[in-house]
Every structure is written in structure tokens, then in C-alpha cells.
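Participant: Here is a sequence together with a model predicted from it:
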Amino acid sequence: MFLNQFLLLSAALFAIGVYGVLARRNGVLVLMSIELILNAVNINLVAFAAFGNSLAGEVFTLFVIAIAAAEVGVGLAMVLLLYRNARNIDLSRIDLMRG
Amino acid sequence: MTDLLVLAAGGAVDLPLGITEGGNWFLRNAWLIPLLPALSFVVILFFGKRMPRGGSELGIAVLGIAFVLALLTGAAWIGHRDNYHGDEIHRAVVVVDDGGHSGADAADHGSGGGHAEQSLAVVNTVTWFQAGGVEFSVGTLVDGPAVMMLIVVTLVSLLVHVYSTEYIQDDRRYTHFFAFLSLFSASMLMLVISENTLQLLTSWELVGVCSFVLIGHWWEEKPNSDAALKAFLTNRVGDMGLIVGVSILFFSVGSALPDRFGSFSIAETNALASAGMLPQTALLVAACCLMAAVMSKSGQFFLHTWLPDAMAGPTPVSALIHAATMVVAGVYMIARLYGVFFEGLSIGGSSINLMAVIGGITTLVGACLAFVQRDIKKVLAYSTISQLGYMVMALGVGAWTAAMFHLFTHAFFKACLFLGSGSAAHAVHGFDMKSDMGGLRKVMPHTYRTFVIASIALAGLPPFAGFWSKDEILVGTGGWGLFGGTGGNGAYTLMLVMGMVTAALTAAYMTRCVYLTFFGEFRGHGEPHESGRRITVPLWILAGLAVGAGLLNMPSGFQLAPGSMQERFGHVVEPVAGYFPVISHAGPSWSLAIASTLVVLTGFAVAGWYYFVRVEAASAAAGRSLTELPDGPTSRYALARMGHTFLVNKYYLDHLYTGIVAGGTKGPVAAAAYRFDQRVIDRGVDLVGETAVSAGRAVYDKVDQMVVDGVVNASGRVALDTGGKLRKIQSGRIQDYAAILFAAATVLAGILIVIV
């Protein structure tokens, strides 16, 4: 096993996540893509921690997971409210803040 | 104090902090007082709706208990102050060796306190958490000012609770309202007994949140939620100052303590500052930062603009939060960290400093604005700003006790005025004095009488409460040896003048307010009638205090009062301990007292002549109730009209803030420039234009039309064009922003790779 393999996996996951965030219009799918990005970071952290003989990365990962859970909770609540008010969750149509 | 000198030679001194861990049970367990309303907040929030009276009964009961506890604590403090001889806490302190000067300096300062007359504050702390070898504690620091505030806050809060049960009867968020009244009381009570600045900061933010929630109590209407936001955001500006100031103090205190990295303790900070052991520069910077916090929280010029808007909240909230308690938090914070301010701003022996100037300007600015308000609550709001300026000014000139005493008396008469205005507004269903009120004295005798009593107390006629505290502040400025005062900490003649002018203005605008509300004929709709008992009883209690509270601190050497009655308040409240700077006290002056009374009477006479004679006569001639003369000075003189416009627009500060500051950060840069153009430059041009019209049409045509307007239009066009181009970036779609974000991150990552 090489560190490279983990990093490539995480880079791929990250790229997929970024694509999802930028291209998907469905609010829930955007949230899921954000989760992908976070997990890519987690893989990076764990991989470096495992190869670098340090626990710090794993500890950080736990924090990231906890925060990701909170983030998705808030995010889904926002999507729900969005649905209630606008009757759709197409992000490209939500542009109330247009200058 | 020779022992200090001996120790100083060794590089460290043992600094007495003026605090003790012993003392009466009530003094050690003062944390119970904020805890009770905090618990009632939780209970009311979750179970209030199921209670027979929607949770209000619990709030009232808890505040009643807290008030009794506060009184017992006060009684315990009076005994403790004179009779406690327990151990004082000392702290080993590093003395920076610059030729042995600071050690001697410290001894000089320390000897002023004197052990014989000492009042030891009672501390009780527990460790909150430890991080990086620094111990963070929470606890209580109970001394004179804390006990005074405990009593004021619990009393006013209790009366406001009772008043609210009638005022917001049948409101849809009745339970919610009482829950947050409880939370507010808890936070404010915690603020006053905070042992360290971190705890003070926490409660400071908590009272801010409660203020936000309660201003926006009726948030369905846009102006109310806007006002709440404005209050919150304006306070954020000052809170940055508080955070920075507290951090500076934390580290500078840490550098003086050998075994600690830093310290938030108020007693330690003050003791070190008062002993001259902290660098003057650090204290000056910290004091200036903390002043920013005071300016926002206590509505000092130029961050005062949120306070009048905060009147959008229910009237009991205005009385409790925006008159008697929360807005004095800034004043109290200065009083609490007085060692820092006293040394940092060199208050002693000076004749001008930042705090005194800000207070002096605020007091004048607020009083002037109170003249042009139609909304009765806004008159009172500007009056509050003016009086808070008085307190800050008093602290700025070194009249600490006078400031605290004014805080004490002001809480009662201003709460009374606010509750009275609420009672009147409740009856007529509106706050506008000119279109909704008038002639209420016949139908609302209780409200009328209490309002007049509190107005006189505010204006400061003897023997009402405001007279004693205001006069003490004027004496404390130490200006004009002419008046026979013995002087305070410096010769602040300018502040004396500002105080005198404000006294006259106060009497005048309160006369206007009383006339418009209670005299003439009723101009509103419907049949107003007197409010019920739950409103009038708190009014009378507060009115009673507005009359009598001043007698607590009759000046020493006042021949008409027995010796035991003189300076009682000052004796009990002002600390004489290591953590408090040694300030000198001004002697009272009969001639100054008479002069200030004459000034107040002049204010009454001028405004009274205008309203009760001229306007009354004009009303009789016109056959209806007028609120101003049809041919008053504003319609006759261009200068008066301009001044009036200037005041009506509140010195254009709101335009400055929303137009430039908020607009510049919220929208694209060009939009901000466009607004700047519209609201400031254009308005400035308009003002110039108006003056030009009255000066002559020729100047108007040549200068304004051709040169200035040309420039303005050109700059407007340019701003509009750039704005049009830049606004395309602001698409409002979240994914566009995300794309920009990722692109930027990619570019930055690329740069990083290239460089590294």
C-alpha cells in the first residue's frame, strides 16, 4: 500500500464532489456532494495520519465527521424550508439576493 | 507601606487586591440571584404555556424572590463594609526594573488606600476550565456597585414584569415575552456580579441577544425586525472593541504576574492598573477599545443611533432594557474597570480626556434631538442617551460616585417616564404626541401625576432625585473655582458648561413633552381612559423613588441634613480597596447648586412660556388644539429651519451608516458608491441648493446648476455604469458563487505550487 493510492482516491472523490456542487441543481444532491468533499478530506487526513505515525489526523477526522453530521442537519432543514416556501429545490432558480 | 518598598528591591511585591473570600453568606452566594431567573427562563420557555397565567406568575415570583435576596445582600454588605476584618487576598507581582521607579510608584499609589478605612469586596470563584496552563474561572465579585445594581435591576425588573401582565395582555407571544424578560434579568444580574472580564463579556453578549429578541417582539412588522437588527449590528461594532480591550488587559496583566500567562480577573486588573504596574500605553489602548464598547452599548455619540429605533419594542422592554438596566451596562463596565480607565486616560489632574468629551458631546446631542421628536418614546430615548452621556461624562471627570448615583436615580425616574408613556400610549393606541395625544391629564390622572413627577426629577429640581445626582456630577467636574467647589480630580470646565446647558435643555424638552401629551385638547381618536392597577401601582412606586431616592446621598456638609444622612450612598457604594483607584472627591457648593437650579428653572420658563402661553393662545385663536405656533421660528428664519431639518434627520448619521458603511459591505462596491452619491452627496447638494435659494437665484443658477450638478451627475453616471457592470457578478445563485470560490482556490493552489 502506498500513500499515493489513498491520495488519488481522495482527489477523485474531491473532484466528483466539486462537480456535484457546481453542476447539480437539486439541493439535496448538492448537500451530498459536499459530504463527498468532506469525506475526501477525511481520507486525506486518515491516510497522512496512518503513514505519518500521528493520531492527530484521526482525531481531526472524528471532528470533521461530527461537524459534517451537524452541517447536513442544518442543510436539510434549509432545503425543507426552501421547499415549503418556493415549492421546489432547484438551486438555480433561487436568486433572491441578485444584485 | 514600607514593606512594599523592601520587597520591591527584590524584584517582586505583594500587592493587596482589596478582596476577600470570607464574609457573610449572602455576599458569598450572590450567584443565586442570577441563577433564579435563569431557571425560570427555562421553565417558562418549556412549560409556560401550560401555566394558568402563561408563565408570567413564575417570572414575577422569581423576580420577587431575587429582589428580596438582593435586599438581604445589600443589608449584608452594609454590615460587611464597615465591620469585616478578615484576610485580604494578596498577589505576588513582578516589578519591571527601570531604576526602581515602578516599585516606589506602586508604594506611592498603594499608600493612598489606607488599611483603616478599607472595604473588602467578597469574591467566590470556581474553575470553569483550564486550557494551555491558563485557568479560567467564573465567580462573583460582590461590592458596593454590584450590590447597588442588584437591587436596581431586580426592583425595576419586578415592576416591569407586573406592568407587562397588563400591557401585553392577550399578546400572541405572551409566554415567550416573559421567558425572555427572565433571561434578560438573569444575564444582567450576572453581568453586574461578574468576577472576571470574560464572564462580563459573556453576559454582555447575552443581554444584547435579549435586547434583540425583545425589540423584535412584534417582528411581523418590518420596521420592528429592522430595528432589532440595527440594535444588534450596531452593538457588534462596539463588541469588537470590548473583545480587543479585554484581550489587551488579559495579556498585560499576565506580564505582571510571575506565575501566570494572563488573567481576566477584574480585581487583579484594577489593582495592578491602580498601582501603576501596568504600562500606560497598554492601558490607554485598552481604555480606548473599551470605550468603543461603551459607545455602542450605552448609546454614546456616534454609535447611539440604534437606541431610538429600539423603541420599536414593547414599552416595558424600553423601560427595563433601554432605560434602566442594559444601556447602563457600558457605564457600569467603566465603573467596574475604573482602575484601567482612570490610569489609562489620565483622568486625575487633567482638564480634558476622551471619555469626558464623548460623554459631554453625547449629553448635548441627545438633548437637542429630543426637541424634534413626535413619538413620545423617542423623546425619552434621546433623553436616555443624553443622561447616559451625563454618566459617562461624570466618570470621565473622575466623579465616580456621582455617576453611580445618577445611574441609580435615573433608573427610577426614567423607568417611570417610559412606563408612563406606555400607559398613555396604551390608552390612545399610538405613540405620536402630535396626532394621538393631548389633554390626557383629565382622563389619566395617575399617569399624568407620575409622569410630571418623574419629569421634574429628570430635569433636576430640588428636592427630587435627579437634582442630587446631577448636582454632584456638576460639582465633580471641578470647573470654575468661582462657584466655591473644592474641585475634583481635575479642572473640567468645558464639561461643567456642557452639563449646565444640558440641564436647561432637559427641562425644556420635558416641558414640551408634558405639554404635548397631557395638555391642550385630545387630538386622537376614541375615548382614552386610565390604565388599570397593574400599570398605575408600578408607576407610583417608581414615582415615589424618583422623589425620595436622592435623599440617600445628600452631600457632606449639607447643613439641612443630619450628619448620619450625608453621603450614605457614596459611603456604601464606593469601594475603598486595592482594586479601586484613589480618587479625590469634590466638595459641594451652594452657589453651584443654586446656579444649576436657576438654569433648570430658566429651561422650564422658556419652554413653558412658549407652550403654555403662546401655543395655548394660538390654539384659542385657531379654535383647535395646536402643537406648535403657526408662525414659529422655523417658518420665519432660514437658519432655524435648517437647524430643524438637521435635527429631524438626526445629524444624517443613519444615512451615513446605512448608505456608506452597510451599503459598502452588503452590495457590490459600485452600488455603495451609487448610494453614497444619492444619499450623501446629493443631499449635501440639496442643502447647498436650499441655502443658495435663500441667498439669491443668481448664485444658484451659476454655481449649483452648472458646476456642482454637472459634477454630481457625471459622478452619478460613472457610478451607475460601473455598478451595472459589477452587479452581474452578484447573480444571487449560490452555485455561481461556489464556482468563483473553487476557481479562486484553484488559482491560489496553483500559486502555492509554483512558489513552493
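Facilitator: On my side now, so go ahead. Numbers count the residues shown, from 1 in each chain, chains lettered A, B, ... in the order given.
Participant: I'd like to know how many residues surround B:Leu752.
Facilitator: Number of residues near B:Leu752 (other C-beta atoms under 10 Å in any protein chain shown) recorded here: 9. Placement of C-beta: from N, CA and C, glycine included.
Participant: Quickly find the element holding it.
Facilitator: Assessed by DSSP states H and E, B:Leu752 sits inside helix B:734-755.
Participant: buried residues in that helix?
Facilitator: Residues B:734-735, B:738 are the ones in helix B:734-755 that count as buried (16 or more other C-beta atoms under 10 Å in any protein chain shown).
Participant: what comes into contact with that helix?
Facilitator: Residues from elsewhere that reach helix B:734-755 (C-beta atoms under 8 Å, 6 or more residues apart in numbering or on different chains): A:18, A:21-22, A:30, A:91-92, A:94, B:729.
Participant: Next step: those restricted to helices.
Facilitator: Secondary structure from DSSP state H places A:18, A:21-22, A:30 of the contacts of helix B:734-755 in helices.
Participant: filter the residues you listed down to the ones close to chain B.
Facilitator: Residues of the ones in helices among the contacts of helix B:734-755 in contact with chain B (C-beta under 8 Å from any C-beta of the partner chain): A:18, A:21-22, A:30.
Participant: hang on, the earlier thing: buried subset of the ones in helices among the contacts of helix B:734-755 as a ChimeraX selection?
Facilitator: Under the burial definition 16+ other C-beta under 10 Å, those of those that qualify are selected in ChimeraX by:
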select /A:18,21,22,30
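Participant: And B:Phe136, its phi and psi?
Facilitator: Main-chain dihedrals, B:Phe136, degrees, to the nearest 10: phi -100, psi 120.
Participant: Can you give me the distance of it to B:Trp128?
Facilitator: Separation of B:Phe136 from B:Trp128 (C-beta to C-beta, to the nearest Å): 5 Å.
Participant: Next to chain B, which bits of chain A? Give me the list.
Facilitator: Contact residues (C-beta under 8 Å from any C-beta) of chain A with chain B: A:18, A:21-22, A:30, A:91-92, A:94-99.
Participant: Would you mind measuring from B:Thr597 to A:Ala56?
Facilitator: 72 Å.
Participant: Could you do B:Ser40 as well?
Facilitator: Separation of B:Ser40 from A:Ala56 (C-beta to C-beta): 44 Å.
Participant: higher neighbour count, these two?
Facilitator: B:Ser40 (27 against 11).
Participant: Tell me which residues touch that one, please.
Facilitator: Counting by C-beta under 8 Å, 6+ apart, the residues that B:Ser40 touches are B:58-59, B:62, B:182.
Participant: cool, B:Ile321 as well?
Facilitator: B:184, B:207, B:210-211, B:214, B:310, B:313, B:327.
Participant: and the two most separated of the ones in helices among the contacts of helix B:734-755?
Facilitator: The span of the ones in helices among the contacts of helix B:734-755, defined through C-beta to C-beta, is set by A:Val18 and A:Val30 at 11.1 Å.
Participant: Can you point out the buried residues in stretch A:49-64?
Facilitator: Of the residues in stretch A:49-64, those buried under the neighbour-count criterion (16+ other C-beta under 10 Å) are A:49, A:57, A:61, A:64.
Participant: End to end on it, go ahead and measure it.
Facilitator: The straight-line separation of the ends of stretch A:49-64 (C-alpha to C-alpha, to the nearest Å) is 14 Å.
Participant: Pull out the buried residues from the helix or strand containing B:Ala621.
Facilitator: Using DSSP H and E, B:Ala621 sits in helix B:616-622. Across helix B:616-622, burial judged by 16+ other C-beta under 10 Å covers B:616, B:619.
Participant: Please identify the buried residues of the longest strand belonging to chain B?
Facilitator: Criterion DSSP state E: the longest strand present in chain B is strand B:121-131. When burial is assessed from 16+ other C-beta under 10 Å, strand B:121-131 yields the following buried residues: B:121-125.
Participant: cool, and stretch B:311-330?
Facilitator: The neighbour-count check on stretch B:311-330 (16+ other C-beta under 10 Å) flags B:311-330 as buried.
Participant: on that earlier part again, reformat the residues of chain A next to chain B into CSV and put pLDDT next to each item.
Facilitator: Formatted as CSV, the residues of chain A next to chain B follow (pLDDT from 0 to 100):
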residue, pLDDT
A:Val18, 93
A:Val21, 91
A:Leu22, 90
A:Val30, 92
A:Leu91, 85
A:Ser92, 82
A:Ile94, 81
A:Asp95, 80
A:Leu96, 78
A:Met97, 75
A:Arg98, 75
A:Gly99, 67
